[in-house]
Structures are given as structure tokens and as C-alpha cells.
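S.K.: please find the sequence and the predicted model below.
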Amino acid sequence: MTDYMKEYKGAADSFCLAGEATDIRPYGEGHINLTLLVTTPQKRYIMQKMNTHVFPDPDNLMRNICAVTEHLRAHGAETLNVVPTRDGKPFLKGKDCFRVYDFIENTVTYQQVTDKKVFYNSGKAFGEFQNCLASFDASALTETIPRFHDTPKRFADFRAALAADALGRAKECGPEIEFVLSRGDTYGKVVEGLKDGSVPLRVTHNDTKLNNILMDAKTNEARAVIDLDTVMPGSMLYDFGDSIRFGASTAAEDEKDLDKVHFDIGLFRAYAEGYCEAVRGSITPRERELFPYGAYLMTMECGMRFLADYLAGDTYFAIKYPEHNLVRCRTQFKLASEMEKSFSETGRIVSEILG
Ligand code: ADP
Ligand code: GN1
Ligand code: MG
């Protein structure tokens with residue numbers, strides 16, 4: 001028996017699986033939950049040890065996911081299917097919490113864009129996801145992480161981590177710290193827009209990176225939007241921006257060689273074409289105006305979160321080596337610095353697409 005079988009077979013046995021688990025192994029590249037592929041002779045499942053440090057209210061989190069997936073399914077979308085425990089609950093509650101989904105077969109996830117068409121397809125799918133959630137009652141949702149994309153608040157959290165400098169790491173990252181601090185007056189436009197009503201509050205996904213969408217293994221068409229933990233009221237700019245942050249890069253999020261990391265404007269265009277095709281009917285003038293800025297904002301926000309986590313001692317994002325979060329923040333700042341220089345060009349692209 002493998003160590004994973006030993007450790008997690010008991011949890012898997014608590015769910016209504018089609019048969020007995022014969023193999024359990026880690027799966028995917030998520031930074032938050034421990035994701036396991038569970039094989040039975042009949043079918044395969046995804047079991048996740050839920051990160052209750054990041055999501056401290058698993059009852060309401062799973063209530064959200066059940067409601068959102070029901071809504072998506074009722075509208076004809078392929079989505080996650082929650083497999084209940086043997087006593088009919090949506091997750092297994094204990095010292096550790098677990099949930100199980102059907103494994104969506106014949107799909108792939110990409111850690112980087114290899115083909116423009118894939119990125120276009122993902123843009124269209126996240127746009128359609130947004131459209132579908134327009135008819136979802138936001139008041140039925142718990143905010144699983146309050147102020148998740150409140151960038152000024154993230155900036156304050158960053159400054160607190162810097163002031164604490166728990167591991168004495170600040171001295172190793174002077175230029176990165178300076179990069180965040182010197183842009184302190186650029187982080188407010190979306191929260192201000194939400195406050196004054198110029199940016200509409202919508203139900204959004206909030207974590208739209210490319211590996212949170214399953215693509216058909218044969219056709220590369222989008223099949224299902226996954227990782228629904230952060231579906232909450234938010235701005236369309238968060239979803240658009242976060243996809244660009246991750247996908248419109250010429251390198252992986254944790255590429256060490258910054259010479260390989262560039263903001264790819266052709267990829268920006270491909271995603272924007274897909275996304276706008278879906279949301280053309282509902283997007284407001286202020287939202288479209290802020291698309292280029294939204295990409296910059298989500299990139300800076302993610303970068304400062306990686307750097308804050310590095311300074312705090314890596315308590316949030318899963319890491320594979322000690323400097324992983326520092327490496328990640330550097331790619332974000334490289335991308336953001338190129339995005340800043342491209343605002344007029346990306347703005348023109350949005351205008352060309354939307355007319
Ligand atoms: P995290 O919150 O840690 O990012 P995710 O829910 O995104 O975790 O899952 C991590 C990875 O596992 C995904 O990127 C995807 O590759 C894979 N995955 C998750 N759920 C499924 C599923 N139901 N079917 C197939 N693959 C899945
Ligand atoms: C996390 O869960 P995952 O790996 O899809 C994070 C996102 C970050 C992303 C950076 C709940 O996403 O906000 O943008 O890492 N999710 C949460 O890769 O914090
Ligand atoms: Mg994920």
C-alpha cells in the first residue's frame with residue numbers, strides 16, 4: 001500500500017464511491033487544497049483535503065458549491081458533481097475536512113498557454129460562466145474569503161507582513177518590496193468603482209487561472225470551469241484580469257529565468273476576443289475601459305500576495321522549495337511592468353474587439 005493509500009483510504013471509504021479505492025495519489029498543480037486522484041475499478045474521483053486555514057467555514061463553502069453547481073447544471077453547463085458521504089453529507093467533517101467530485105474524464109488542464117486557440121476558448125468559457133451566474137441569486141452566497149480582491153486591503157496586509165518581517169527575509173527582497181510600495185497609489189480603481197457604482201457588482205469566479213478550467217482532451221474546447229471555492233460577489237475585472245495574469249505570459253508562473261517572462265499582447269487579444277464574445281451584451285463602458293488596468297491590478301495583487309507570504313514564512317500558498325513564493329512574485333512584477341507600458345495598445349485592442 002502506498003503512503004497516500006494508507007493515509008487517505010479511510011477518508012475515501014466514507015464517501016458513496018462506485019467501488020473500493022484501489023489507488024490514491026496526488027494530482028494537479030493547485031496551490032490551496034491537497035488534491036488526490038482516487039481510482040476504483042468502476043470510475044475515478046477527485047478527493048480534496050480542504051484547506052480550512054484558507055477557507056475557515058467549510059459548511060458554507062460547500063453550500064455555495066452545491067448551489068452554484070446546481071445552477072450551472074440547470075443551465076446546461078458541464079460542472080463539478082459533488083459526491084456525498086455515506087451519511088448523505090456534501091463533505092466529510094473532522095479534524096481534516098474532505099470532499100469528493102466525479103473525475104471529469106477526457107479533459108486536460110494547462111499550466112501555460114501553448115496554443116492561442118486554447119486561451120481564446122478559456123476566455124469564452126469564463127465569459128459564459130459569468131453570463132450564467134448573472135441569474136444566480138448573490139444573496140444565497142457566503143463570502144468564503146471576505147475582501148478577497150480588495151487590492152488596497154491586500155496592500156495593507158502586505159505592509160503588515162513587511163513590518164513584521166517574521167523570518168528576517170525582507171533584506172533579501174529590496175527591489176521587489178520597492179516595486180510594490182512605489183505603486184501604492186494605483187491599487188484602488190476597482191474597489192472605488194464598486195463603491196460608487198460605476199463598476200457593477202456581479203457574481204464572479206475570482207480565481208480564473210487557466211488550470212481552473214478543464215479542456216476537452218481531443219478538441220481543446222472548454223468543458224468545465226472548476227475550483228469554485230471563491231465564487232462570490234465581485235467584479236468582472238477580477239475574472240478577466242486574473243486570466244490574463246496567468247495565461248498571457250510567455251512563461252510559467254514560477255519561471256526562474258525572468259528573461260523568458262513577457263506579457264504577450266497577442267495572447268491578451270486572444271483571451272479578450274473569447275471573453276468579450278460572451279459578455280458583449282452586458283459589459284458596461286467603465287468595465288471595458290478598465291480591462292487593461294484589471295489585468296495589471298490582478299497581477300500586482302497576486303505578486304504582493306506571493307511576496308507577503310514569503311515574508312510571513314509561506315503559511316498560505318503551497319510551495320515546493322523555500323524561495324518558491326519569491327520566484328513567483330518576480331514573474332508577476334515582470335509581467336506588471338510590461339503591462340504598464342502597454343496600456344494604450346491593450347486599450348486599443350479592447351476597442352477593436354468591442355467596437
Ligand atoms: P486548488 O484549489 O488547490 O487550486 P483545484 O480544485 O483547482 O485545487 O484542483 C487542482 C487541479 O486538480 C485542477 O487544476 C485540475 O487539474 C484537477 N481537478 C480538480 N477537480 C477535477 C475534476 N473534477 N476532474 C478532473 N480534474 C480535476
Ligand atoms: C491560488 O487555488 P489555486 O491554486 O487555483 C489562489 C489564487 C491565486 C493563485 C495564484 C483561494 O489559486 O487567488 O491567484 O493561487 N487561490 C486562493 O496562482 O487564494
Ligand atoms: Mg485551482
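M.R.: Structure received. Ligands and ions are numbered 1, 2, ... in the order given.
S.K.: now the host helix or strand of Asp239, how far from the centre of its chain.
M.R.: Assigned by DSSP states H and E, Asp239 belongs to helix 236-247. Put simply, helix 236-247 sits 9 Å off its chain's centre (CA atoms, centre = their mean, to the nearest Å).
S.K.: near ligand 1, anything from that helix?
M.R.: No. Helix 236-247 stays clear of ligand 1 (CB under 6 Å from any ligand atom), getting no nearer than 11.5 Å. Quick note: C-beta positions are derived from backbone N, CA and C, even for glycine.
S.K.: what helices or strands is that helix leaning on?
M.R.: helix 116-133, strand 202-204, helix 265-279, helix 285-312 (3 or more CB pairs under 8 Å, 6 or more residues apart in numbering; DSSP states H and E).
S.K.: could I get that helix in CSV with only the CA atoms?
M.R.: C-alpha atoms of helix 236-247 as CSV (Å, rounded to 0.1, in the frame of the first residue of the first chain):
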residue,chain,number,x,y,z
MET,A,236,-15.8,41.1,-14.0
LEU,A,237,-12.4,42.8,-14.0
TYR,A,238,-11.2,40.3,-11.4
ASP,A,239,-12.1,37.4,-13.7
PHE,A,240,-10.8,39.0,-16.8
GLY,A,241,-7.6,40.2,-15.1
ASP,A,242,-6.7,37.1,-13.3
SER,A,243,-6.9,35.0,-16.5
ILE,A,244,-4.6,37.5,-18.3
ARG,A,245,-2.2,37.5,-15.4
PHE,A,246,-1.7,33.7,-15.6
GLY,A,247,-2.3,33.0,-19.3
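S.K.: okay, buried residues for that helix please.
M.R.: Residues 236-247 are the ones in helix 236-247 that count as buried (16 or more other CB atoms under 10 Å).
S.K.: rewinding a little: for Gln332, find the nearest of the helices and strands packed on helix 236-247.
M.R.: helix 285-312 (3.1 Å; CB to CB).
S.K.: the helix or strand just after the closest one - what's its average pLDDT?
M.R.: Note on helix 285-312: by DSSP H and E, the next helix or strand toward the C-terminus is helix 324-341. Confidence for helix 324-341, expressed as mean pLDDT, is 99.
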